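K.L.:
Can you look at this prediction? I've put the sequence above it.
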Amino acid sequence: MGQGRESKESVTRHSSHATKKAVFLDRDGVIIRQWDGYLDDPARVELLPGAAEAIRKLREEGFAVIVVTNQAGVGYGHLTEETLEAIHTRLKEELSRKGASLDAIYYCPHTPEEGCSCRKPAPGMLLRAAEELELDLSRSYLVGDMTTDIEAGKRVGCFTVLVRTGFGGSDGRSDSAPDAVCPDLASAAELILERERAGKKDG
């Protein structure tokens with residue numbers, strides 16, 4: 001308990017892709033459709049418009065793209081970890097069809113009542129990813145649709161982007177304000193890439 005679990009079937013390591021910067025993405029409401037209740041069926045995985053292309057562009061520009069997702073449905077017994085693995089396998093397949101891929105998926109299976117260090121807004125999953133994938137969090141970004149996503153990113157020094165898809169920041173669980181707000185992941189990726197290009201010019 002207290003450690004973000006790695007989705008073993010959903011992690012792809014690229015030994016030649018030795019990037020030190022990452023874009024962390026929440027899953028539901030950012031990459032895929034946000035359903036009412038818990039997503040417990042791989043067949044219901046539905047990519048949001050432009051999400052796959054955004055991920056592909058970010059990786060082409062040298063970012064590791066990593067999913068960090070709270071999955072309390074596991075802890076509450078609404079789905080098993082095996083089902084969650086199948087959901088993540090389906091997510092990878094849907095992205096692959098559109099020429100995109102992820103570097104890793106980390107998830108927290110705990111309920112809020114368990115008080116673990118990996119459930120966002122706690123930064124445990126980001127810290128574990130940084131250690132395992134040798135990431136520089138100060139050069140990294142986090143994109144989410146909830147205020148808890150934003151707080152988790154802020155706590156480790158990431159530039160944070162709130163998207164208006166999914167909950168669109170309406171959860172009200174944290175007072176953390178994002179560094180930027182975008183309509184969706186596609187526009188968030190463009191903002192990130194523009195920021196990076198501007199930084200190179202300034203350098």
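P.N.:
Perfect, thanks for sending it.
K.L.:
Show me the shaky parts of this protein.
P.N.:
1-19, 201-203 (pLDDT under 70).
K.L.:
So which residue is dead centre in it?
P.N.:
Leu25 (2.0 Å; C-alpha atoms, centre = their mean).
K.L.:
How much space separates that one from Ala152?
P.N.:
From Leu25 across to Ala152, the span is 12 Å (C-beta to C-beta, to the nearest Å). Placement of C-beta: from N, CA and C, glycine included.
K.L.:
Kindly report the same for Thr80.
P.N.:
25 Å.
K.L.:
So for these two, which residue has more residues nearby?
P.N.:
Remark: of Thr80 and Ala152, Ala152 carries more neighbours, 30 against 13, as counted by other C-beta atoms under 10 Å.
K.L.:
Surely the more buried one is in a strand?
P.N.:
No - counting by DSSP: H, G, I helix; E, B strand; the rest coil, Ala152 falls outside a strand, being helix.
K.L.:
Would you mind confirming that it makes contact with Ser117?
P.N.:
No - if you go by C-beta atoms under 8 Å, Ala152 and Ser117 don't touch, sitting 11.0 Å apart.
K.L.:
so what's the closest residue to Arg97 other than its chain neighbours up against?
P.N.:
In this structure, Arg97 finds its nearest non-sequential neighbour in Ala52, 7.9 Å apart by C-beta to C-beta, 6 or more residues apart in numbering. Counting by C-beta atoms under 8 Å, 6 or more residues apart in numbering, Ala52 makes contact with Glu94, Leu95, Arg97, Lys98, Gly99, Ala100.
K.L.:
With Gly29 instead?
P.N.:
Contacts of Gly29 (C-beta under 8 Å, 6+ apart): Asp145, Met146, Val163, Thr165, Gly166, Phe167, Gly168.
K.L.:
now swap in Ile55 and tell me
P.N.:
By C-beta under 8 Å, 6+ apart, the neighbours of Ile55 are Leu25, Ile31, Val65, Leu95, Ala100, Ser101, Leu102, Leu185, Ala189.
K.L.:
Just the buried residues of those.
P.N.:
Leu25, Ile31, Val65, Leu95, Ala100, Leu102, Leu185, Ala189 (16 or more other C-beta atoms under 10 Å).
K.L.:
would you list those in a markdown table and tack on secondary structure and distance to Ser138?
P.N.:
Formatted as a markdown table, the buried ones among the contacts of Ile55 follow (DSSP: H, G, I helix; E, B strand; the rest coil; distance: C-beta to C-beta, whole Å):
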| residue | secondary structure | distance to Ser138 |
| --- | --- | --- |
| Leu25 | strand | 18 |
| Ile31 | coil | 24 |
| Val65 | strand | 18 |
| Leu95 | helix | 27 |
| Ala100 | coil | 26 |
| Leu102 | coil | 22 |
| Leu185 | helix | 22 |
| Ala189 | helix | 20 |
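K.L.:
Redo those as JSON lines? Include distance to Gly157.
P.N.:
Compiled in JSON lines, the buried ones among the contacts of Ile55 are given as follows (distance: C-beta to C-beta, whole Å):
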{"residue": "Leu25", "distance to Gly157": "17"}
{"residue": "Ile31", "distance to Gly157": "23"}
{"residue": "Val65", "distance to Gly157": "18"}
{"residue": "Leu95", "distance to Gly157": "27"}
{"residue": "Ala100", "distance to Gly157": "26"}
{"residue": "Leu102", "distance to Gly157": "22"}
{"residue": "Leu185", "distance to Gly157": "21"}
{"residue": "Ala189", "distance to Gly157": "20"}
